[in-house]
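J.: Give me a model of this one.
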Amino acid sequence: MSSETTVDAGTAGEVRDVIIVGSGPSGYTAAIYTARANLKPLLIAGSVTAGGELMNTTDVENFPGFPEGVMGPDLMSQFEKQAERFGTEILFEDVTAVDLQGEVKVVTLGNGDVHRARAVIISTGSAYRELGLDDEKRLSGRGVSWCATCDGFFFKGQDIAVVGGGDSAMEEALFLTKFANSVTVIHRRSTLRASRIMQDRALSNEKIRFVWDSEVIGIHGEDKVSGVRLRNTVDGSESDLSITGLFVAIGNDPRTDLVKDQLRLTEEGTIAVLGRTSKTSLPGVFAAGDVIDPTYRQAITASGSGCVAAIDVEHYLADVAGNDTAAEVPTPPAEAVSEEATL
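T.: Residues are numbered from 1 along each chain as shown. Next up is the predicted model:
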């Protein structure tokens with residue numbers, strides 16, 4: 001009897017067709033398509049990040065099919081139900097490790113469970129970008145936040161600030177006006193990057209004011225935020241702004257920690273894929289959503305990306321099955337081939 005302790009990935013439990021790591025529009029769309037293709041996907045949604053960024057979004061007005069808009073969490077709930085309807089198995093657990101080498105991929109969860117599949121779709125999305133200040137972490141949950149939807153209620157009647165100049169920052173600022181006495185938008189440039197409609201809404205809101213050409217270089221407060229230190233990006237002058245809440249909306253970073261040592265990444269830090277496909281640098285590994293998209297980062301583009309990944313997986317598995325079948329067909333003797341050719 002062998003004393004070898006190495007586990008054969010092909011025999012230690014079920015080997016699935018596809019595992020999807022991460023949820024959000026891309027992961028759930030990939031699940032819907034692979035489930036309808038009878039691939040019986042396992043989607044590992046995450047224990048905290050299930051649903052992706054849209055779980056922290058209020059009104060979603062630009063997702064097709066909802067003329068009156070839809071709340072982000074409600075939209076993701078519909079995605080989840082549709083994926084389950086077609087047979088997707090969903091686990092609300094965190095992935096702690098992946099082994100993407102070889103024909104069978106291995107996915108390990110935080111609870112110790114191990115799952116295996118012939119193909120994996122990485123749809124881990126992106127994470128909120130931080131300012132990188134010493135007191136940012138210390139005062140997190142004590143006035144510093146990255147989610148207006150989550151924390152805005154706690155700032156009723158207070159003077160608060162939002163850092164950023166894109167659509168996310170404008171959405172945060174507008175939402176916070178429902179609670180705050182005033183909202184100051186701090187932007188390092190003299191013009192906003194947000195879409196025109198979001199700019200117009202923010203600029204016309206009487207509760208919102210702007211501090212242009214400025215960056216936050218310090219956060220004041222012992223037990224909670226009491227203000228921020230600003231530096232003018234043009235002349236270098238510094239000033240203080242008294243606030244009790246600071247909401248950071250300066251962008252996101254792709255969540256690639258699980259795969260950065262196994263898959264090729266782009267200069268922007270996203271997972272590199274081949275052209276318009278979802279194919280990564282390893283066969284049988286595909287990626288979709290914000291984790292491959294440094295530019296558009298919309299719910300609708302993420303959904304389309306998830307569709308692409310699902311179809312790529314379906315084709316890949318069909319090719320693998322075809323090659324396996326071809327390998328099993330014995331080559332007839334040369335004499336038989338010659339005889340058949342003369343018939």
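J.: So, low pLDDT: which residues of the stretch 201-343 of the chain?
T.: When residues are selected by pLDDT under 70, those of the stretch 201-343 of the chain lie in 324-343.
J.: where exactly do the helices run in it?
T.: Using DSSP state H, counting those that start in this stretch, the helices assigned to the stretch 201-343 of the chain run over residues 299-328, 334-342.
J.: what's the closest non-adjacent residue to residue 241?
T.: Leaving out its chain neighbours, the residue that sits closest to residue 241 by CB to CB, 6 or more residues apart in numbering is residue 228, at 5.3 Å. For glycine as for every other residue, the C-beta is placed from the backbone atoms N, C-alpha and C.
J.: Tell me who's in contact with the one you found.
T.: For residue 228, the contacting residues are 161, 186, 216, 218, 219, 220, 240, 241, 243, 246, taking CB atoms under 8 Å, 6 or more residues apart in numbering as the criterion.
J.: Show me the beta-bridge partners of the fifth one.
T.: Applying DSSP bridges to residue 219 gives these bridge partners: residue 228.
J.: correct me, but it touches residue 245?
T.: No. Here residue 219 lies out of contact with residue 245, judged by CB atoms under 8 Å, at a distance of 10.9 Å.
J.: Which one's more surrounded, those two?
T.: For residue 219 against residue 245, the residue with the higher neighbour count under other CB atoms under 10 Å is residue 245, and the figures read 24 against 21.
J.: any idea how far residue 256 is from that one?
T.: Distance of residue 245 to residue 256, computed by CB to CB, to the nearest Å: 31 Å.
J.: Next: residue 181.
T.: Shown here: residue 181 relative to residue 256, a distance of 40 Å by CB to CB.
J.: What of residue 126?
T.: Here the distance between residue 126 and residue 256 works out to 9 Å (CB to CB).
J.: cool, residue 268 as well?
T.: Residue 268 sits 11 Å away from residue 256, taking CB to CB as the criterion.
J.: What segments of the stretch 1-150 of the chain are strands?
T.: Assigned by DSSP state E, counting those that start in this stretch, the strands in the stretch 1-150 of the chain fall at 15-21, 42-44, 59-60, 70-71, 89-91, 95-99, 105-109, 114-122, 126-128, 144-145.
J.: Determine the residues that are contacts of both of residue 219 and residue 245.
T.: Shared contacts of residue 219 and residue 245 (CB under 8 Å, 6+ apart): 144, 225.
J.: rewinding a little: is it possible to export the strands of the stretch 1-150 of the chain to JSON lines including distance to residue 297, mean pLDDT and mean neighbour count?
T.: Listed next are these as JSON lines, based on distance: least, CB to CB, whole Å; pLDDT from 0 to 100; neighbours: other CB atoms under 10 Å:
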{"stretch": "strand 15-21", "distance to residue 297": "19", "mean pLDDT": "98", "mean neighbour count": "24"}
{"stretch": "strand 42-44", "distance to residue 297": "21", "mean pLDDT": "98", "mean neighbour count": "25"}
{"stretch": "strand 59-60", "distance to residue 297": "14", "mean pLDDT": "78", "mean neighbour count": "16"}
{"stretch": "strand 70-71", "distance to residue 297": "19", "mean pLDDT": "89", "mean neighbour count": "18"}
{"stretch": "strand 89-91", "distance to residue 297": "24", "mean pLDDT": "97", "mean neighbour count": "18"}
{"stretch": "strand 95-99", "distance to residue 297": "22", "mean pLDDT": "97", "mean neighbour count": "15"}
{"stretch": "strand 105-109", "distance to residue 297": "25", "mean pLDDT": "98", "mean neighbour count": "19"}
{"stretch": "strand 114-122", "distance to residue 297": "16", "mean pLDDT": "98", "mean neighbour count": "24"}
{"stretch": "strand 126-128", "distance to residue 297": "7", "mean pLDDT": "86", "mean neighbour count": "18"}
{"stretch": "strand 144-145", "distance to residue 297": "20", "mean pLDDT": "92", "mean neighbour count": "25"}
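J.: which stretch among the ones you listed comes nearest residue 197?
T.: Evaluated with CB to CB, the strands of the stretch 1-150 of the chain place strand 59-60 nearest to residue 197, the distance being 12.5 Å.
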